[in-house]
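> Model the structure of this input:
(chains A and B, ligands or ions: 4)
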Protein chains: 2
Amino acid sequence: MQTIQQRFQVAYEYAIFFTENLFDQNNPILKDFFGNYTEQGFQRKALVIADAGFADFHPTLANDIHAYFSNSVQHINLAPEVIVVPGGEASKNDAALFDKLCEAVDVHGIDRHSFIIGIGGGAVLDLVGYAAAVSHRGIKLIRIPTTVLSQNDSGVGVKNSINFHGKKNFLGTFAPPVAVFNDLTFLRTLDDRDWRAGIAEAIKVALIKDVSFFNWIEENALALANRDETVMAYLIHRCAQMHTDHIGGGDPFEFGSSRPLDFGHWAAHKLEYLTNFEVRHGEAVAIGIALDCVYAAKLNMLPESDLQRILEVLSQLGFDLYHPKLAENDKINLRNGLHEFREHLGGRLTIMLLEKIGKGVEVHELDADIIASAVDYLETKTINTSVLEAKI
Amino acid sequence: MQTIQQRFQVAYEYAIFFTENLFDQNNPILKDFFGNYTEQGFQRKALVIADAGFADFHPTLANDIHAYFSNSVQHINLAPEVIVVPGGEASKNDAALFDKLCEAVDVHGIDRHSFIIGIGGGAVLDLVGYAAAVSHRGIKLIRIPTTVLSQNDSGVGVKNSINFHGKKNFLGTFAPPVAVFNDLTFLRTLDDRDWRAGIAEAIKVALIKDVSFFNWIEENALALANRDETVMAYLIHRCAQMHTDHIGGGDPFEFGSSRPLDFGHWAAHKLEYLTNFEVRHGEAVAIGIALDCVYAAKLNMLPESDLQRILEVLSQLGFDLYHPKLAENDKINLRNGLHEFREHLGGRLTIMLLEKIGKGVEVHELDADIIASAVDYLETKTINTSVLEAKI
Ligand SMILES: NC(=O)c1ccc[n+]([C@@H]2O[C@H](COP(=O)([O-])OP(=O)(O)OC[C@H]3O[C@@H](n4cnc5c(N)ncnc54)[C@H](O)[C@@H]3O)[C@@H](O)[C@H]2O)c1
Ligand SMILES: NC(=O)c1ccc[n+]([C@@H]2O[C@H](COP(=O)([O-])OP(=O)(O)OC[C@H]3O[C@@H](n4cnc5c(N)ncnc54)[C@H](O)[C@@H]3O)[C@@H](O)[C@H]2O)c1
Ligand SMILES: [Zn+2]
Ligand SMILES: [Zn+2]
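Ligands and ions are numbered 1, 2, ... in the order given. You can find the predicted model right below:
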């Protein structure tokens, strides 16, 4: 019998909005968005799930959202409870939390034409996004990211995940949101580490794609370190735009082996593990970038002057460029990360390195000895810098 | 700041192959398929997960597959164990089984460029498909359906699912396979109920879309009931083709409210529940079709002569057209199913009814009293038929 050939395309579309005071009664942006969903014949609902790390700083959050909906979004039936989940990586490690969210979807009758609104950092958005993606085979997800990293990177993309039996991001899907709302004022309560951490992803994308953006970051490093909001707003917007363009222009669901946005990430993932997530994702990415840049310079691939500019910007922003866990067990622990990175992504090992600032190039192997000497370089440099700082 | 607009399309493609004796060393079809995956630079793997209800009849299954791979697919690294899971609905109710499959993905190093090969009925394929879809955000899935229903319907489509806290298909995704292999010889060991059950889906698709296919089924009803394999092969191929065309030509990931292929399914789902899955999916669909056809005839929407032809074909094939659970609790249990059906699908209640054989039409409400009298009709008719049979 003749083979049957199936072929189709699925189209996705969503907007990333930039705003301040999202739930202020006078801010029309959410109202306008929900104005697109006013069909007759059925009742859409919405369920809000928020990051405790954010909600604790916003004690009126549930009230504000309820007031906003009852004034301006009356046609959407908002679930009475705002579910608050613990923030940070812990939320992705807790299978009971995932179950709880799926239960809530059922209890509140959230169907495929209703909305789940996730508010929080990258970790909570990953958890909420996963629960939304698999409940009833996919509920409409609205993301309201509340960290720098989630506003410029994880929250604007198409992925979600939770950890499984200690394996980071083992369970997940590709599931685009229906909208993202980035509120600059939500970043005010971030501690300095989380404010800083997200900047690493902007440096990453600048380094592999856009020298002019890197130059801009260089010029504004001090303002960023001093929590200048106007400068941060620009950084987030430009970084989000580059991410969006990259995803939309290429291989959004990553069917191929190439993942340029994972520049600096192989070592970062391993370091997060080795430190039991004590080091934040963005902090680990900064170290991962530093390591792979030193590596590329040792190959004479990346000019020394570019290397120094990169390390300098990272330092100015306040990132550590070294962590003792990198050297642990004669650097074997770190080097195992390369294998695990390939395993998680599958396909051929593909690592992005830099040829110059603004231009990445993919390689398919890394030399263990050069990795080790790059670690040594960062260790020595960090000690010297501390000595220097101590002297000043 | 300016809103960022994301837009992209994702393309999917897969073939449904028809064959006999798939794992016979001389059958090149699997070998040819894997011949498309011979890139240098990395090692693809494969993990086989099989339905116990099928595997029990094929004690040499694991050996046959290993022999086939070591002779003809040497470039793919086959995991040493063939995992066997219990068949039927139970497999979708057991969260520990899902966990076990994800663990196996990790233990055997199955990555996004490797394959999971699911062999079994619709339930096992749903479970395996779900585990494959969410592990590492999606592993390549090959389906080898071993029931009539999975060969002509569930196995050729794009959905997977498991049950969650007793809620049928609550967790799942849309995730197309990379290939489907339908082996006619695998159907020989089916019991008569499972042989018959899958035919209901073919009748369903014929009724809403293709009168000539219905005529063909009518002419061949006795041969089908007598397990004529040639006739069954044609039925499966044509039904699979219609499903494939429908999915590819319309709204494959069901973003809208319309789901014509759910004709007969609102009552079917409820009946499966009310009987604790003692009634098979296909058996329940046959009753659901009968009920909705009587309903449409009572509205004078469907001509009486068409109704009688439909009921006659279903009876000839050996389907029961009535189950006492339909009438339970003054038919209120059944009628609740309508609400639950809408809840699971979301959006506006949309039910397919028949205008004539080969032509469905969507309505947005059903009348509770007419449902009740349609149930009474089927009950009476069934009793009379039995009396008649008893007399003869
Ligand atoms: N899905 C993706 O594409 C993707 C991409 C990159 C990273 N990630 C994931 O993102 C996670 C990291 O996200 P992150 O950097 O946003 O950190 P995070 O989500 O771990 O949040 C850090 C801390 O900030 C708190 N917090 C959140 N918003 C706050 C606010 N406005 N004020 C005060 N505290 C607040 C949280 O409760 C948490 O304790 C990791 O799990 C990583 O795997 C996902
Ligand atoms: N994903 C979809 O789009 C979709 C569509 C329709 C139905 N379904 C699901 O499919 C399931 C029903 O599938 P089904 O009708 O194939 O029944 P099933 O999977 O429950 O299998 C019925 C029985 O047959 C046994 N079996 C399987 N192959 C056999 C063989 N070759 N010989 C002997 N025994 C064999 C099984 O072990 C089981 O006991 C339901 O869970 C339903 O929800 C899914
Ligand atoms: Zn990152
Ligand atoms: Zn069905």
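
> Could you use CA atoms for every contact and neighbour count after this?
Noted.

> can you list the domains in chain A?
What the record gives for chain A is the domain set A:15-189, A:192-391, from automatic domain parsing.

> Need the contact partners of the lowest-mean-pLDDT helix or strand in chain A.
Among the helices and strands of chain A, helix A:368-391 carries the lowest confidence by mean pLDDT, DSSP states H and E, at a mean of 82. Residues from elsewhere that reach helix A:368-391, judged by CA atoms under 8 Å, 6 or more residues apart in numbering or on different chains: A:290-292, A:294-295, A:298, A:321-324, A:326-327, A:331, A:335.

> ok so, going back, now render the domains of chain A as CSV, adding distance to ligand 1.
Shown next, in CSV, are the domains of chain A (distance: least, CA to the nearest ligand atom, whole Å):
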stretch, distance to ligand 1
domain A:15-189, 3
domain A:192-391, 6
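
> Switch those domains over to TSV; also include distance to residue B:286.
Shown next, in TSV, are those (distance: least, CA to CA, whole Å):
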stretch	distance to residue B:286
domain A:15-189	24
domain A:192-391	38
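
> so which of the contacts of helix A:368-391 also contact ligand 2?
The subset of the contacts of helix A:368-391 within reach of ligand 2, by CA under 6 Å from any ligand atom, is empty.

> Tell me which helix or strand comes right after the helix or strand where residue A:270 lies.
Counting by DSSP states H and E, the element that carries residue A:270 is helix A:265-274. Per DSSP H and E, the first helix or strand lying C-terminal to helix A:265-274 is helix A:281-298.

> Residue B:125: which of the domains of chain A is closest?
Proximity to residue B:125 (CA to CA) singles out domain A:15-189 among the domains of chain A, at 15.8 Å.

> next one: the closest one to chain centre, how far?
Centroid displacement of domain A:15-189 relative to its chain, using CA atoms, centre = their mean, to the nearest Å, is 15 Å.

> Now for the residue of the stretch 151-300 of chain A found nearest ligand 2: which residues touch it?
The nearest approach of the stretch 151-300 of chain A to ligand 2 comes at residue A:173, 17.4 Å away (CA to the nearest ligand atom). Residue A:173 sits next to A:130, A:133, A:159, A:160, A:161, B:133, B:134, B:136, B:137, B:138 when contact means CA under 8 Å, 6+ apart.

> Please apply the same query to residue A:237.
Per CA under 8 Å, 6+ apart, neighbours of residue A:237: A:152, B:1.

> Sticking with it, tell me its helix or strand.
Assigned by DSSP H and E, residue A:237 belongs to helix A:229-249.

> Equivalent analysis for residue A:227, please.
Per DSSP H and E, there is no helix or strand for residue A:227.

> ok, it - how many residues close by?
16 (other CA atoms under 10 Å in any protein chain shown).

> cool, and the one 3 residues further on?
As a burial measure, residue A:230 scores 11 neighbours (other CA under 10 Å).

> measure it to residue B:35 for me?
55 Å (CA to CA, to the nearest Å).

> most residues in a single strand of chain A, which one?
Using DSSP state E to define each element, chain A has its longest strand at strand A:4-19.

> what's that strand packed up against?
For strand A:4-19, the elements it packs on are strand A:179-183, strand B:4-19, helix B:229-249, judged by 3 or more CA pairs under 8 Å, 6 or more residues apart in numbering or on different chains; DSSP states H and E.

> Check for me that residue A:25 belongs to a strand.
No. Under DSSP: H, G, I helix; E, B strand; the rest coil, residue A:25 falls outside any strand and is assigned coil.

> Tell me the secondary structure at the residue nearest to it when sequence neighbours are not counted.
Excluding the flanking residues, the one nearest residue A:25 by CA to CA, 6 or more residues apart in numbering or on different chains is residue A:68, at 5.7 Å. Under three-state DSSP, residue A:68 falls in the helix class.

> wait, doesn't residue A:68 sit right on residue A:22?
No. Assessed by CA atoms under 8 Å, residue A:68 is found out of contact with residue A:22, at 9.5 Å.

> how many neighbours does residue A:219 have?
By the criterion of other CA under 10 Å, residue A:219 has 12 neighbours.

> Quick check: it vs chain B, distance?
21 Å (CA to the nearest CA, to the nearest Å).

> so what pLDDT did that residue get?
In this model, residue A:219 is scored at 98, pLDDT.

> What of residue A:343?
Reading off the model, residue A:343 has pLDDT 77.

> how many neighbours does it have?
Residue A:343 - counted by other CA under 10 Å - has 19 other residues nearby.

> One more: residue A:363?
11.

> same deal with residue A:2?
Neighbour tally, residue A:2, other CA under 10 Å: 9.

> Equivalent analysis for the one 4 residues further on, please.
Other residues lying near residue A:6 total 20 when counted by other CA under 10 Å.

> mind checking which helix or strand residue A:251 is in?
Per DSSP H and E, there is no helix or strand for residue A:251.

> cool, residue A:21 as well?
Using DSSP H and E, no helix or strand contains residue A:21.

> Next, it: phi, psi?
phi 50, psi 60 (degrees, to the nearest 10).

> residue contacts, it?
Listed by CA under 8 Å, 6+ apart, the contact partners of residue A:21 are A:27, A:183, A:185, A:186.

> okay, now the third one: neighbour count?
Under the neighbour criterion other CA under 10 Å, residue A:185 is assigned a count of 14.

> how close does it sit to chain B?
Relative to chain B, and taking CA to the nearest CA, residue A:185 is found at 14 Å.

> wouldn't that residue be in contact with residue A:20 here?
Yes. Here residue A:185 reaches residue A:20: they are 5.6 Å apart, a contact under CA under 8 Å.

> Doesn't residue A:170 lie inside a strand?
Yes. Counting by three-state DSSP, residue A:170 is part of a strand.

> and it, how many neighbours?
21.

> what do you get for the one 5 residues further on?
Using other CA under 10 Å, residue A:175 has 23 neighbouring residues.

> my guess is it contacts residue A:156, does it?
No. Using CA under 8 Å, residue A:175 is not in contact with residue A:156; the gap is 11.3 Å.

> Name all residues that make contact with the spatially most central residue of chain A.
By CA atoms, centre = their mean, chain A has its centre lying nearest to residue A:154, at 2.7 Å. Contacts for residue A:154 (CA under 8 Å, 6+ apart) come out as residue A:122.
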